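Chemist: Next one to model:
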Amino acid sequence: MMLSVISILLSSCYSLVPAGYRGIKVYMLGNKKGVSEKQLGVGRYWMGVNQRLYVFPVFQQNYVWDGNNSINFQSKEGLDVSGDFGISYSLIADSVPVIFQKYRRGIDEITNVFLRNMVRDALNNISSRMPIESIYGVHKRDLLTKVDSMVSKQTRKYGIIIDRIYTIGELHLPSTIESAITAKLEANQRSQQAQNEVKAVEAEANKKIVRSKADAESEVINAKADAEKKVIEAKAQSDATIFTAKANAESIQIRAKAEAESIKIKALAQADSIKAVGESKAMVNKKMAMAVNKDLIQYHSLDRWDGKLPQISTQNLPFVNLGLPKQ
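Modeler: I've put the predicted structure just below:
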């Protein structure tokens with residue numbers, strides 16, 4: 001029995017640092033009172049009567065401040081705004097001793113006291129320069145981005161890395177303000193809808209104008225093309241007529257020239273024929289005259305011949321042809 005009690009007492013003097021955590025040993029009494037500079041890894045550690053172990057997670061943490069822990073802040077007009085916010089962050093493992101020395105609290109207290117206060121102060125600092133409509137409307141994302149940046153600058157130097165700060169659901173405003181903003185938003189939506197309808201009508205009208213203009217330009221282009229086509233056809237027809245007339249004229253001229261040449265050739269041929277005929281007649285007359293002269297000479301030779309033949313004769317000596325009758 002005694003051994004069991006002693007065993008229980010001894011086991012109660014050991015503390016565990018689980019996986020994913022780092023431990024810090026704090027001396028509560030004595031000369032070593034204070035924080036150990038050495039952090040503890042995963043394992044069991046002996047804790048004396050005057051010692052206490054704090055464990056810190058080194059994996060990503062997610063906390064939500066909602067309900068009674070929701071955060072209130074004010075707009076530029078001094079209007080109260082509240083909302084449920086969440087935060088995601090992680091600790092640098094080697095920075096655990098520095099974090100504890102800075103805040104002297106465990107991770108839950110650091111998150112729900114120090115980090116929450118940082119977020120609240122950043123919200124008030126930034127929202128105090130923003131009108132309520134911007135906070136509630138399109139610039140809410142800008143508000144959160146600036147809050148995230150401001151808080152990150154404060155925590156990074158101690159080893160706390162902020163991943164993001166975000167809202168859970170919609171921000172809460174006084175009912176009268178919500179009604180006024182809702183009415184204004186609805187009016188803006190109706191106005192925008194009307195503007196969109198006007199733009200749609202204008203767009204349709206512009207479309208019709210563009211279509212009409214295109215049709216008119218198309219007609220002009222077609223008319224111009226048709227006119228140019230007719231001009232080209234007329235010019236082609238005119239050129240063809242001129243070419244035909246010119247060809248006919250040249251043909252007539254050629255035929256006339258050929259005819260004239262033919263007539264000339266025929267005339268020359270006829271003249272040559274006549275000339276040839278004339279020459280033939282002259283030749284006949286000449287031959288006849290020569291024959292007559294020969295007979296006449298023969299006649300006179302006979303008429304004057306005394307009937308004596310020459311004693312000596314040559315080839316060139318004329319000799320009277322007695323014209324003996326053929327036997």
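
Chemist: Mind jotting down where the strands sit in this protein?
Modeler: Along the chain, counting by DSSP state E, strands occupy 14-17, 21-27, 34-40, 43-46, 51-57, 61-65, 71-74, 80-91, 160-172.

Chemist: Need the winner for burial among those strands.
Modeler: Mean neighbour count (mean count of other C-beta atoms under 10 Å) peaks for strand 21-27 among the strands of the chain, with a mean of 20. In this view, the C-beta of every residue, glycine as well, is placed from N, C-alpha and C.

Chemist: Can you give the strand pairings for it, parallel or anti for each?
Modeler: Each strand that pairs with strand 21-27, with its direction, by DSSP bridges: strand 34-40 (antiparallel), strand 51-57 (antiparallel).

Chemist: quick one: contacts of the first one?
Modeler: Taking C-beta atoms under 8 Å, 6 or more residues apart in numbering as the criterion, the residues outside strand 34-40 that touch it are 17, 22-27, 53, 93-94, 96-97, 100-101.

Chemist: quick revisit: export the strands paired with strand 21-27 as JSON lines, with columns for mean pLDDT and distance to S152.
Modeler: Output for these, formatted as JSON lines (pLDDT from 0 to 100; distance: least, C-beta to C-beta, whole Å):
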{"stretch": "strand 34-40", "mean pLDDT": "78", "distance to S152": "23"}
{"stretch": "strand 51-57", "mean pLDDT": "91", "distance to S152": "19"}
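
Chemist: Quick one: closest of these to Y158.
Modeler: When the strands paired with strand 21-27 are compared by C-beta to C-beta, strand 51-57 sits nearest Y158, at 12.0 Å.

Chemist: just the angle between that closest one and strand 80-91, please?
Modeler: Using axes from the mean of the first three to the mean of the last three C-alpha atoms, to 10 degrees, the inter-axis angle of strand 51-57 relative to strand 80-91 is 100 degrees.

Chemist: Need the residues that contact strand 51-57.
Modeler: The set of residues external to strand 51-57 that reach it, using C-beta under 8 Å, 6+ apart, is 15, 17-18, 20-28, 40, 45, 47, 91, 96, 99-100, 106-107.

Chemist: For that strand, output the C-alpha coordinates as PDB.
Modeler: C-alpha atoms of strand 51-57 as PDB (Å, rounded to 0.1, in the frame of the first residue of the first chain):
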ATOM      1  CA  GLN A  51       8.600  24.300 -10.600                       C
ATOM      2  CA  ARG A  52       5.800  24.700 -13.200                       C
ATOM      3  CA  LEU A  53       5.600  23.600 -16.800                       C
ATOM      4  CA  TYR A  54       3.900  25.700 -19.600                       C
ATOM      5  CA  VAL A  55       3.300  24.000 -22.900                       C
ATOM      6  CA  PHE A  56       2.900  25.900 -26.200                       C
ATOM      7  CA  PRO A  57       1.600  24.400 -29.500                       C
END
